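K.L.:
model this:
(one chain, ligands or ions: 1)
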Amino acid sequence: MKKGFFITLEGIEGAGKSTMVNFVENSLIKAGHDVVKTREPGGTKIGEQIREILLNNENNKLTSDTELLLIFAARSQHMKEIIMPALSSGKTILCDRFTDASYAYQGGGRGIDASRINLLEKWVQSDFRPNLTLLFDLDVSVGMERTKKRSKADRFEQEKSIFFEKVRTCYLKRAEDEADRFRIINSELPLQKVKDEIAAVLKEIK
Ligand code: TMP
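P.N.:
Now for the predicted structure:
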């Protein structure tokens, strides 16, 4: 079994990532991994406070640059407080979103140049990257239909479909460019089939 492994989950709104994170966690535990489940933005007390600012849909004056900088501030805290210590002690980290989301949402969605995101990535993470990224992919209209059924939309969820189309395109491009790290999970399939796909991917790291 691989030690000190870093797995991230990504996808647009409504891709079922939040449901699947528990399935992935349980599968890893069954396979003998010592799992730390965490999320971004957030994962630390300070990061969770930053998350509240980012998701609060009353913060309509928040600029794209402030959004990006806050996300990387939370990430820096997360790296030092949780991720690095856990990896050093041989744990498997399961993180609900990471830097691919910054490229997809702030880069693709908001239109911030990738070179700026890259600058912050280097600052905060040096050359640290996930070992494996599961990208939960589905049609934007299907995803939006699913999120409509939930309670009040947060600051990101209230964006229009064109925003999520750009986010999705960016995710898929990154998955294509870094095919060794990414595995795309078709989230339009019935739940059991999605679980089967995940199980097949996780077998690779046992
Ligand atoms: P969640 O829906 O997975 O809980 O994530 C919260 C929101 O944060 C989600 O709409 C995407 C957004 N986000 C970014 O825009 N950039 C990032 O780098 C991260 C980690 C999340």
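
K.L.:
contacts and neighbour counts: CA atoms only from here.
P.N.:
Will do.

K.L.:
would you map the strands across the chain?
P.N.:
Along the chain, the stretches classed as strands by DSSP state E are 6-11, 35-39, 92-96, 132-137, 182-186.

K.L.:
let me have those in a markdown table, extended by mean pLDDT and mean neighbour count.
P.N.:
Formatted as a markdown table, the strands of the chain follow (pLDDT from 0 to 100; neighbours: other C-alpha atoms under 10 Å):
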| stretch | mean pLDDT | mean neighbour count |
| --- | --- | --- |
| strand 6-11 | 98 | 24 |
| strand 35-39 | 98 | 18 |
| strand 92-96 | 97 | 24 |
| strand 132-137 | 98 | 23 |
| strand 182-186 | 97 | 20 |
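
K.L.:
format the ones you listed as CSV; extra columns: distance to the ligand.
P.N.:
Putting the strands of the chain into CSV (distance: least, C-alpha to the nearest ligand atom, whole Å) gives the following:
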stretch, distance to the ligand
strand 6-11, 8
strand 35-39, 8
strand 92-96, 6
strand 132-137, 11
strand 182-186, 16
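
K.L.:
so which residues on this structure come close to the ligand?
P.N.:
Within the chain, the positions lying close to the ligand (C-alpha under 6 Å from any ligand atom) are 40-41, 71, 97-99, 101-102, 105-106, 156-157.

K.L.:
repeat the analysis, applying 5 Å as the threshold.
P.N.:
On the criterion C-alpha under 5 Å from any ligand atom, the ligand has as its neighbours in the chain the residues 40-41, 97-98, 101-102, 105, 156.
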